Structures are given as C-alpha cells and as structure tokens.
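Asks: coordinates for the following, if possible.
(chains A and B)
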Protein chains: 2
Amino acid sequence: MRPVLTVGSVAFDSVKTPSGEVSRVVGGAATFFSVAASFFAGVRLVAVVGDDFGEMEMKVFGGRDIDLAGLQRVSGETFRWKGEYGNDLNSRETIYTHLNVFEEFRPHIPDTFRTSPIVFLANIHPALQLEVLEQVQEPEFVALDTMNYWIEGAPDELKTVLQRVDVVVINDEEARLLSGESSLVKASRIIRQMGPSRVVIKRGEHGVLMADRDGYFATPGLPIENVVDPTGAGDTFAGGFIGYLASSETFTDDVYRQAVICGSAMASLSVEDFGLSRLLSLADEDIRERFDSFRHLTSFEQL
Amino acid sequence: MRPVLTVGSVAFDSVKTPSGEVSRVVGGAATFFSVAASFFAGVRLVAVVGDDFGEMEMKVFGGRDIDLAGLQRVSGETFRWKGEYGNDLNSRETIYTHLNVFEEFRPHIPDTFRTSPIVFLANIHPALQLEVLEQVQEPEFVALDTMNYWIEGAPDELKTVLQRVDVVVINDEEARLLSGESSLVKASRIIRQMGPSRVVIKRGEHGVLMADRDGYFATPGLPIENVVDPTGAGDTFAGGFIGYLASSETFTDDVYRQAVICGSAMASLSVEDFGLSRLLSLADEDIRERFDSFRHLTSFEQL
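Replies: Reported below is the predicted structural model:
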C-alpha cells in the first residue's frame, strides 16, 4: 500500500436538493477524495482552510489515515459554495462561489510528502497542478481531474500538465469539451493523444467508461432508490478509484477494472445522504457489499 | 425453441445521417425485429405492405426462418418514413411519415399462428395490440413496445393492453412519460404496477436497464467507433432479446440477462451500417463475438 498525495479544495458547502437542504457543511473536492480514498490507502492532503475552519470541522479527517501536514490554515474565510439541484438531480445551479482563502492558494508540498508515489491532482488551476508536480520527486503515477472553467480558460497550461499525467478522471461533458468530439469513443482517443495513457469518464447515473490503448471497460450506474445529494460524487469516485489502485501491488487491467467499481461503489454510497454524512459513517463491510451489488447488477453467463 | 409471433410495421425508410444517406430502403419495426429474432428462433410476421413492395424487397425475409403467412399485401403504397439525424446521432428529425396502407391496417392472425407461445407486439396502436392478443390462444409470454404518441394519445387502451403483458420493452424517454417519473428506478416500479412483471428500458448509447420484482440488471452500451445509422436499433434489440428467450427452455434470471446482451449485441451490430444492411450480412459467429465483446467490456474480478 502506497500513500496518495492529493491537492485540491476544502470548502463549506450549502446544498439544496429535492430531499432537503444543508448549509455550511464541510465539502470540497479534496475532502471528498481524501475521505473516500482513506478507506483503501493512506492519504496526504494539501489544501487551505480559513480560520473559520475549527476543531469541529476538522473531525471529518479524524480517525482516518489522512496526513494533514499539508493543510494550510490562513487568516480569512474558507472557500464557500452554494448550489441547488433541479427535480431530477441532473441539473444544478450554482448560487454562489466564494473562493475566499482559496483564491491565493499556492500549494506547498511538505518535505515528508515529496516522495509520494501516487498523486491525485483534484480540480484546481492547471498551473497549480503543475506547481505540485514540480515539487514531487518522480511519482510513479499521476491522475488529474479538471473542469470546463479551466478547459476553456487555461487550455495551454492544462495541455502542459496533461503531458505529465497517467490517468485523466473527468465527466462526459468535460471530455467532450476537452476533445471537441461528441462521441466519447473519439473523445477518449483524442485525450489519450494529449498525454494520459488512460481516460476515465464519469457519466453520472449512466456509470463510467474507461479507455486505454487496448480497449474499454464500462459499468452502468447502480440504480439507487433515493439519491439525496450528488455533491462530491465525482471526487468520491476518484477517491475510491485511486485509493484502490494505491492499495494494489501492480496496476494490471484487472486491478483498474476493480478500481472503477470501487470508485463507483463509493460514489453510489455517498449520494445517499447530504455532503460527507454517508461516507463518514461507512464501514468496510458496506463497501464490500456495494461492490458486490455492482457484480450482481452487471454479471451474466457466457452463451 | 418456440416460434415468435410479431405484429408491427414494415416500411420504406429514407435516412440521412452524418455518414451519408439512403432512400427507400426496407425498414419498419417488425422488419428489424423479425430479421434480428430469426437468428435465434422462428418468426411469424403479421404486417401489411403495398403493391410497391416487390420481390426485391421481399428478399430481406428470404432464406430466414420467417413465416410470411400473416403478411398482407394490399393495393396502395407501403408505409414510408424519412428521418434525418443530427451530428451526434442523439437527435433525430422526422421529415415525413406517410402511413399509406398502414393507416387501415387491422392485424389478422392466420390460423396457423394462433397458438404462438411467444408474442411481441411492436409499436402500433394499443387497440390493435389488444386485437392481436384477442386472436392468440393463451400465449405463454407477451412483450410489448410502444411510443410517446400512444402514451399520450391512447393512454386508456395502452393501460388495458399492459395488464396482459409480461414484459415491456421501451426507451428511457417513453418510460419517463408512461410513469410520470424522471427516475428510471421509480419509473420501472410504477410501470410494473401497471401489469408487466418486467420492464426493459433501452437507453441508447447508455445501454439497457432491466427491472423485475427481485432487482435490476444493467449493461452499458458498447463503445462503437462509427455509428452509421441508429434507425431500428430499438426494434433490433427487441428481436435479439425476445429471439434469445424463445430459443431457451426456461426463462430464468440468467436467461433474461443473456437475452439483454443478445439484444444489445444485435443492436450494436445493426447501427454499423444503414438500414438492415449489417443484419442481412451477419453470421452467427459475428453475434457470438459481439456477445463476448460485452463480456469483455463489463467483466471484473471479485474483491
């Protein structure tokens, strides 16, 4: 088991969905990622919070294998985001995004983190993602998430960092925008030509498509009776996916496939409650059961 | 192996897609269904064509186990449809629909078809679907397709026929409209409460979701490099699905799962060329290979 270094946002989220609403709960890409990944491997978190991020909030990281040596605490308010989901949960409106202390965030990788073998660059400015890679000594494996904002706003920096990445983990809309292709088959090939040897495309309720040189692996989404809050599902997927890889000796095709299912299992659990609630109450047995649910959902006999 | 009775449209299609265009090629729901199903079981076709449907057109049924005793030939023109697909193939515009001889179609089931054990009611007016069932002696298994036009235009007749159906095979949009629920999980439960014990929801490029009392089976779509023409994919799916069931001794959960994959395999092959072209040139080996492609796409090891 190798530790996973991750860099990204820690935030206060306020979320309204058809199931209800919560305000000022701990969220952020790096938070969802770290908590999810910590079920599989040790995590080294690099992020920034304000002085409003108190001991109570820190509890989301407590009792887990998450090293907080890279969590900067600076004067000011923590990143805040408020969003509201439509009735079918497929549409989301951002009410506000206050970057606050995140606006001036420059990732500083502590010395003890600089030999991290596995790196996950959560969705931040690609120039910052590059700064992280400059500070890490030849990682074995680098994965990256990004978003429309950077694909359109910082395409050159994004392309530079993509050349140093092994796996891209993005959603279908982002894959189409990044590649300029509406077909995900063509999109995944074009993105692989940008550097990454593997592309993992998150399709929300439609599951995940993974592409490498040799072909594809796909899983449908698990039918879930009550999706309460999709916030963080993509980061939670990435946490389960990368965490499982980090816990594995070698990255064979079989391991990658299991990693996609671990990520999907974690995401499918996470959306059953608001924010981090479900993840924070998870037992290893829940994850194993959910993994088996994916097997039951998708398996069939040979002809 | 039990024969499959099907009732639906035989048509002349004109289709334009980003890959090119064809005009006046043989199509229609019952045609795609029959040709696809005939790879697995004997088919008994009930439909109507005009006197413009000549010997050359009849060749699509030739050399296959398709009994044409129920194919009425009447004076006038065959059903014609013209459609144009958008660049990403997910949007389709109907240029015209000329029902022609189909407008007055009343299904007459020949005596030799009246003991058919397996019945597939392709997408026609639900009152006609009911007329078919009135003429068949206690079939073991009835499946039905329908469309938005009948869900909105003939809801009462549709609900009556649904009470006599074992399996509904519809697409995601139709499932949402029929149930009034955007979640396919909830939609499938509501549709099962209307009568059918099983719902099979076709999601296009996102694959298939099957629901029964005991749970779900799902497969993602196969990533296909060049989708040439999606016309008839849903009917082709139904043909592979029902055809495989008809070829099986008992309808166990395992058999239903394989049937979904057979249907998906047939549909994924069909879209690789215009109209019926790919289906007409298929060998059994192609189907087996495509079935195996779905296994390779979706299989993963236990944790």
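Asks: CA atoms for contacts and neighbours, from now on please.
Replies: Fine.
Asks: what distance do you get for A:H108 to A:E134?
Replies: Separation of A:H108 from A:E134 (Cα to Cα, to the nearest Å) stands at 11 Å.
Asks: for the two, indicate the residue with more neighbours.
Replies: Set side by side, A:H108 and A:E134 show unequal neighbour counts under other Cα atoms under 10 Å in any protein chain shown, the larger going to A:H108 at 16 against 12.
Asks: helix, strand, or coil at that one?
Replies: Secondary structure state of A:H108, per DSSP: H, G, I helix; E, B strand; the rest coil, is coil.
Asks: who's in contact with it?
Replies: With contact taken as Cα atoms under 8 Å, 6 or more residues apart in numbering or on different chains, A:H108 is in contact with A:V46, A:G70, A:V132.
Asks: same deal with A:A259?
Replies: Under the criterion of Cα under 8 Å, 6+ apart, the contact list for A:A259 reads A:G240, A:F241, A:I242, A:Y244, A:L245.
Asks: so which of the residues you listed comes closest to A:L269?
Replies: Among these, A:G240 lies closest to A:L269 (Cα to Cα), at 11.1 Å.
Asks: number of residues surrounding A:T252?
Replies: A total of 11 residues lie near A:T252 under the criterion other Cα under 10 Å.
Asks: please apply the same query to A:T146.
Replies: A:T146 has 22 neighbours, counted by other Cα under 10 Å.
Asks: ok, A:D67 touching A:A41?
Replies: No - assessed by Cα atoms under 8 Å, A:D67 is found out of contact with A:A41, at 11.3 Å.
Asks: would you list every one of the helices in chain A?
Replies: Under the criterion DSSP state H, chain A carries helices at the ranges A:29-37, A:55-58, A:126-135, A:148-153, A:155-162, A:172-179, A:184-193, A:233-246, A:253-270, A:277-280, A:284-298.
Asks: any chance of those helices in a markdown table, plus mean pLDDT and distance to B:E77?
Replies: Written out in a markdown table, the entries for the helices of chain A read as follows (pLDDT from 0 to 100; distance: least, Cα to Cα, whole Å):
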| stretch | mean pLDDT | distance to B:E77 |
| --- | --- | --- |
| helix A:29-37 | 98 | 61 |
| helix A:55-58 | 96 | 73 |
| helix A:126-135 | 98 | 62 |
| helix A:148-153 | 96 | 51 |
| helix A:155-162 | 98 | 56 |
| helix A:172-179 | 97 | 43 |
| helix A:184-193 | 97 | 41 |
| helix A:233-246 | 98 | 53 |
| helix A:253-270 | 98 | 52 |
| helix A:277-280 | 98 | 61 |
| helix A:284-298 | 98 | 45 |
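Asks: can you lay out these as CSV showing distance to B:A218?
Replies: Putting the helices of chain A into CSV (distance: least, Cα to Cα, whole Å) gives the following:
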stretch, distance to B:A218
helix A:29-37, 25
helix A:55-58, 39
helix A:126-135, 36
helix A:148-153, 30
helix A:155-162, 33
helix A:172-179, 19
helix A:184-193, 19
helix A:233-246, 19
helix A:253-270, 14
helix A:277-280, 25
helix A:284-298, 6
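Asks: report the separation between the residue positioned nearest the centre of chain A and A:S34.
Replies: Geometric centre of chain A, nearest residue: A:D235, 2.3 Å, by Cα atoms, centre = their mean. In this structure, A:D235 and A:S34 are separated by 9 Å, where distance is defined by Cα to Cα.
Asks: thought A:V101 was touching A:G76?
Replies: Yes - counting by Cα under 8 Å, A:V101 sits close enough to A:G76 to count as a contact (6.0 Å).
Asks: just the buried ones out of the contacts of A:H108, please.
Replies: Among these, those buried by neighbour count (16 or more other Cα atoms under 10 Å in any protein chain shown) are A:V46, A:G70, A:V132.
Asks: related to what we said a few turns ago, common neighbours of A:V101 and A:G76, please.
Replies: Counting by Cα under 8 Å, 6+ apart, the shared contacts of A:V101 and A:G76 are A:G50.
Asks: okay, the two: which has more neighbours?
Replies: For A:V101 versus A:G76, neighbours defined as other Cα under 10 Å are more numerous around A:V101 (19 against 14).
Asks: would you mind listing what in the stretch 201-303 of chain A touches chain B?
Replies: A:206-207, A:216-220, A:223-225, A:254, A:257-258, A:288, A:291-292, A:295-303 (Cα under 8 Å from any Cα of the partner chain).
Asks: buried ones only from the residues you listed, please, as a PyMOL command.
Replies: Of these, the buried ones go into a single PyMOL selection, burial set by 16+ other Cα under 10 Å:
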select buried, chain A and resi 206+207+216+217+218+219+220+223+224+257+258+291+292+295+297+298+299+300
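Asks: what's around A:I95, how many residues?
Replies: A:I95 is surrounded by 11 other residues when neighbours are defined as other Cα under 10 Å.
Asks: next one, pLDDT for it please.
Replies: A:I95 is assigned 96 on the pLDDT scale.
Asks: state the distance from it to B:R176.
Replies: Note on A:I95: its distance to B:R176, by Cα to Cα, is 29 Å.
Asks: please apply the same query to A:I190.
Replies: When distances are taken as Cα to Cα, A:I190 and B:R176 turn out to be 34 Å apart.
Asks: and if you look at A:G63?
Replies: 44 Å.
Asks: name the residue in the two with the higher neighbour count.
Replies: Each of A:G63 and B:R176 had its neighbours counted (other Cα under 10 Å), and the higher figure belongs to B:R176 (20 against 7).
Asks: for that one, which non-adjacent residue is spatially closest?
Replies: Excluding its sequence neighbours, the residue lying closest to B:R176 (Cα to Cα, 6 or more residues apart in numbering or on different chains) is B:S182, at 5.3 Å.
Asks: thanks a lot, catch you later.
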